Structures are given as C-alpha cells and as structure tokens.
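Chemist: Turn this into a structure:
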Amino acid sequence: MKKRVIIDTDPGTDDAIAILLALNSPELVVEAITVVPGNVVVEQGLTNALRILGLANRPDIPVAGGARRPLGGRLITAGAGIHGPEGLGNSQLAAPRCAPDPRFAPDLIVELIRANPHEITLVGLGPLTNLALALSRDPTIGELVKEVILMGGSIAGGNVTAAAEFNIYVDPEAARAVFRAGWPLTMVGLEIGWSALFRSEHLERLQRTRGPQNDFAADILAFLLERSRRQGSPGTPIYDATAMAAVIDPALIRTEHLHVDVELRGELTRGQTVVNRRNAVARAVRHGDQLIFEGTKTLRPNIHVAVHIDAERFRALLIDRLSGS
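Modeler: Below is the predicted model:
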C-alpha cells in the first residue's frame, strides 16, 4: 500500500530535494505540505513550497502556513550563505500559480490525521513547532497517527552549536513535546547525512539526464556542493532527503530503540538531543544529607534513532527518482 504523508517543512535547499523525492516516488501519496519557519521565515517558505509544487505540476496538494515563531523564544533562521537569498540556492523558479490553503497548518495536520486514523505518516523536515501545536490542539492524534519520521537531532555533536542540530535548536520546547508524545517516532539525525555525502561524481550522474525538476535539483545540489567545497568537505549532506528516503524505503536505514530527550536549559547544550545508549541511568538514593548511587534505573525507549544508512542505495534512489523528471 502507498504511504499517505504530510510533509512539514521549512523549504530551504535540502527540503526542496526531499519534496521532489517524495513527489516522484510512487510509494508515497503526499496529502499536504505544511510550512514552519526555520531555514526561512514562514512567508518565504510558503512561496517556496508553492513554487516547487508548480515545478512538479502538482497544484492539487494543499500548502498551509503554520506558526510564525518558535514556542519558546525568538525566531532563528538560516542566512543567505547557507540556503541562498530566497532559500533555494541560486535557482529561479516561476511565481506560484495558486494560493496557499487558508487553514492553519497545525489544524490541517489534526484534521487529516483524525479523518484518516492510523494511515498518515508525518514527515518533519524542519523545526517541530507545527507538530507540537497540533499535539496541543488535540493530544489524541498521538494515538491516531501511523508514524512520525523526522530529520533532526544527533547522537553526538551539532551543526549550529557543539551540542545542537539546527531543527531542534530553533525550537527545543517544541521538540521536547514531540519527543515525549508517545507516538511512533523515528529520528534521522546529522550522522546519517554525514555518512551519505553527495559528491561531484553523483551530480555528474544526475546531470546526464534533463528535465525541469531534474535541472532544478541539479542546480540546488551544485549550490550545496560549492558551499561544502568552501568548507573543505568532499561532498554535501542532504539531510532532509535522507529522512524522506527512510519514509520511502525503511530498509535503507538501521535504527536502535533508545531513550531520547531534549535539553532546554543548558548554557552550552540548549537544543541537544540527549541520547541514552544504555536506556538506563544510575539510581540515586538519599542517605541523610547524602545521595548515593545504588544500581540503575531503567528508562523506557521512546525514539527509533537511525544509526546507519546504506549510502550507495540512498544516492542511487535519489538520482533515479530525480533523473529526467
């Protein structure tokens, strides 16, 4: 059966690649795209999403805007040097041919999940503000959603601070709510993108075929490769596309079921995904005015954490689905 997905996204460059991958994969039916601020502000994200759907000739898919800022603080966005002046590298897409859906993105998420119990896969490609707001509006969706697969977090080390990955760092309060919701959740973090770098030889394979979507994707990937080259890397991670590939073919990744939480208060670690590889902590027992560690306290695993991806199969899937489209 085809998977019915809602893509919650902050359309920058790798989001665009992930969206095109989804639209060109017969395994998926994209029910809606909801937009959250992150790589760009939500208004620019809406424009970018509508432009991408116009390129793919899919004006039938509703695109709804969500929160304008994080739950717990000031909005943080990526600069033009990371995703380009409008979030899509140096590419120029035609203006949107249709208007965004008037519904508030969290409400649309709730509506679709309630109307299709146990059939909707939520794919989070940006900060988790919209997903947290949907949960706050109707906590029962945690029992009605089929699964949640998100690009975010890391096992060790971040990309905006030493500890935190961008999507989680932008709205850690929302991330904590999503991680603690109890729904089936898979986290595809930074390590997966790092282990499946897209290099110049892969771009050359993509450029052998032509087509509007193919050429747009090649331009985006060339932009990302040039940015990575300036940073001294032999290739570029395509973080969001790795998460989407895991939706399409779960066998591409290997996961471990672990206890994960999100740090909110640390001066140096705010936004860190704290992954407990043992699913246990030491148990502190009070003796008078002293605490003594005695044995361990077991923690219930709550997240399927991606720990490996078949990099060659991922790149082959991406090139195959984008080629000539």
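
Chemist: Give me the most central residue, the chain.
Modeler: L125 (2.1 Å; Cα atoms, centre = their mean).

Chemist: Mind pulling the model confidence for it?
Modeler: pLDDT, L125: 98.

Chemist: now swap in the one 4 residues further on and tell me
Modeler: T129 is assigned 98 on the pLDDT scale.

Chemist: Do I have it right that it meets R68?
Modeler: No. Using Cβ atoms under 8 Å, T129 is not in contact with R68; the gap is 9.2 Å. The way it works is simple: take the backbone N, C-alpha and C, and place the C-beta from them, glycine included.

Chemist: Looking at the two, which is more packed in?
Modeler: Per other Cβ atoms under 10 Å, whichever of T129 and R68 has more neighbours is T129, with 31 against 12.

Chemist: ok, that one to A105 distance?
Modeler: Distance from T129 to A105, counting by Cβ to Cβ, to the nearest Å: 9 Å.

Chemist: Find the residues that touch each one of those two.
Modeler: Shared contacts of T129 and A105, defined by Cβ atoms under 8 Å, 6 or more residues apart in numbering, are found at 36, 66-67.

Chemist: mind putting these in CSV, secondary structure and pLDDT included?
Modeler: Formatted as CSV, the shared contacts of T129 and A105 follow (DSSP: H, G, I helix; E, B strand; the rest coil; pLDDT from 0 to 100):
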residue, secondary structure, pLDDT
V36, coil, 98
G66, coil, 98
A67, coil, 97
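
Chemist: what sits up against stretch 171-182?
Modeler: So stretch 171-182 is in contact with 70-73, 124, 127-129, 131-133, 135-136, 139, 142, 148, 150, 152-153, 164, 167-168, 185, 260-264, 270-271, 273, 302-303, going by Cβ under 8 Å, 6+ apart.

Chemist: related to what we said a few turns ago, I'd say the residue nearest to the centre of the chain and A18 touch.
Modeler: Yes. Using Cβ under 8 Å, L125 is in contact with A18, at 5.8 Å.

Chemist: follow-up on the earlier one: sort out for me which of the contacts of stretch 171-182 are in strands.
Modeler: 124, 148, 150, 185, 260-262, 273, 303 (DSSP state E).

Chemist: how about those residues, which pair is most distant?
Modeler: G124 and D261 (17.0 Å; Cβ to Cβ).

Chemist: neighbour-wise, which of the two wins?
Modeler: G124 (28 against 17).

Chemist: And H304, how far from G152?
Modeler: From H304 to G152 the distance is 13 Å (Cβ to Cβ).

Chemist: So for these two, which sits in the more crowded spot?
Modeler: G152 (28 against 23).

Chemist: Please name the residues that touch the more buried one.
Modeler: With Cβ under 8 Å, 6+ apart, G152 has these contacts: 124, 128, 165, 167-168, 175, 187-189, 273.

Chemist: Setting aside sequence neighbours, what's the nearest residue to it?
Modeler: N167 (3.9 Å; Cβ to Cβ, 6 or more residues apart in numbering).

Chemist: Make sure that neighbour is actually in contact with N159.
Modeler: No. Between N167 and N159 there is no contact under Cβ under 8 Å: 9.8 Å.

Chemist: Neighbour count: these two, which is higher?
Modeler: More crowded of N167 and N159, by other Cβ under 10 Å: N167, with 31 against 16.

Chemist: residues in contact with that one?
Modeler: 38, 124-128, 150-153, 175 are the contacts of N167 under Cβ under 8 Å, 6+ apart.

Chemist: hmm, 6 Å instead?
Modeler: 126-127, 152 (Cβ atoms under 6 Å, 6 or more residues apart in numbering).

Chemist: likewise T129?
Modeler: 36, 67, 70, 171, 174.

Chemist: for the closest residue in space to L93 that isn't next to it in sequence, phi and psi?
Modeler: What sits nearest to L93 in space, not counting adjacent residues and going by Cβ to Cβ, 6+ apart, is R51, at 4.0 Å. R51 adopts backbone torsions of phi -70, psi -40, taken as degrees, to the nearest 10.

Chemist: R51 - how many residues pack around it?
Modeler: Residues near R51, counting by other Cβ under 10 Å: 22.

Chemist: how much space between it and A156?
Modeler: In terms of Cβ to Cβ, R51 sits 36 Å off from A156.

Chemist: For E256, give me the pLDDT.
Modeler: At E256, pLDDT is 98.

Chemist: so what's it bridging to?
Modeler: On the basis of DSSP bridges, E256 is bridged to V305.

Chemist: what's the neighbour count on it?
Modeler: 15.

Chemist: Repeat that for I17.
Modeler: 24.
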